[in-house]
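Participant: Sharing a sequence plus its predicted fold:
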Amino acid sequence: MQPCYLPWRGYFALMRHCDVFVHLDDVALPTGRSYQTRVAIKTAAGRRWLTVPVARTRGQLIRDVPIVEGPWRRKHLRTLEQELPHAAELVADLYAEPPPALAAFNAALAARIATRLGIATAVEWSSHLNVPGRGSDKIIGLCQQLGADTYVTGHGARHYLDHERAESLGIDVCYVDYDLASYPQPHGVFDPFVTMLDAIEHASEPAAVARARLVPWRTFLAPA
């Protein structure tokens, strides 16, 4: 999974199912708006986006993306403290100093939240594993490097992964079927696609919110 900024509940549901969670940091940063640099929070005025400013260059790998310094750290933390005061305490110190590169900052935030949820999954960085290629070749190579017999993935892989090739190499592919059940969230209609800090703030059992079941790829991709 590419390192995301203050990820949503599904990120941690996937992490919970893994023996090893890999930060995919040696691929290109997506162009335009992406969850690597922004996250939604829910406010009385509606959904609000917090965006980390970064210095972009063409073909830049996520591991190499620097964060642009400025008042954004103070503004983001102030917004979190206003909207999610108790949850904000969990990550406040990470905003106190100029953050490192984007990938490291996102990973530090995710690690703090995962610990709060009782998730102790081992973490690796794809850049440390030195697996070449892209798309299916990259994913399958990472699985082989780690000795994996199952690849647990979010929904984006359906568009590019060679499922049958993975299976022929002894790697089962399972998709995460996210549990989007509601919890007592203020400000109108429930929104499951906001930062996990929202559940930490409002849910009576935040760890129970980051849940999902695994679905074999053939079942997941079968026509409705």
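Facilitator: Great, that's in hand.
Participant: chain center to whichever strand or helix holds residue 141: distance?
Facilitator: According to DSSP states H and E, residue 141 maps onto helix 135-145. Centre-to-centre, helix 135-145 and its host chain are 19 Å apart (Cα atoms, centre = their mean, to the nearest Å).
Participant: same deal with stretch 12-31?
Facilitator: 7 Å.
Participant: before we move on, what about stretch 140-148?
Facilitator: 20 Å.
Participant: Could you list the buried residues of that stretch?
Facilitator: 140-143, 146, 148 (16 or more other Cβ atoms under 10 Å). Every residue, glycine included, has its C-beta placed from N, CA and C.
Participant: And those, which is closest to residue 2?
Facilitator: Nearest to residue 2, judged by Cβ to Cβ, of those is residue 142 at 12.9 Å.
Participant: Can you name the element that comes right after the helix holding residue 141?
Facilitator: Downstream of helix 135-145 (by DSSP H and E), the next one is strand 150-153.
Participant: which strands and helices sit next to that following strand?
Facilitator: In terms of contacts (3 or more Cβ pairs under 8 Å, 6 or more residues apart in numbering; DSSP states H and E), strand 150-153 is packed against helix 135-145, strand 172-178.
Participant: shaky segments in the protein?
Facilitator: Within the chain, no range satisfies pLDDT under 70.
Participant: can you give me the strands in it?
Facilitator: 20-23, 38-43, 46-51, 122-125, 150-153, 172-178, 212-216 (DSSP state E).
Participant: Looking at this structure, which helix is longest?
Facilitator: helix 102-116 (DSSP state H).
Participant: what about the most far-flung residue of the chain relative to its centre, distance to residue 25?
Facilitator: Largest separation from the mean C-alpha position in the chain: residue 168, at 28.4 Å (Cα atoms, centre = their mean). Distance of residue 168 to residue 25, computed by Cβ to Cβ, to the nearest Å: 28 Å.
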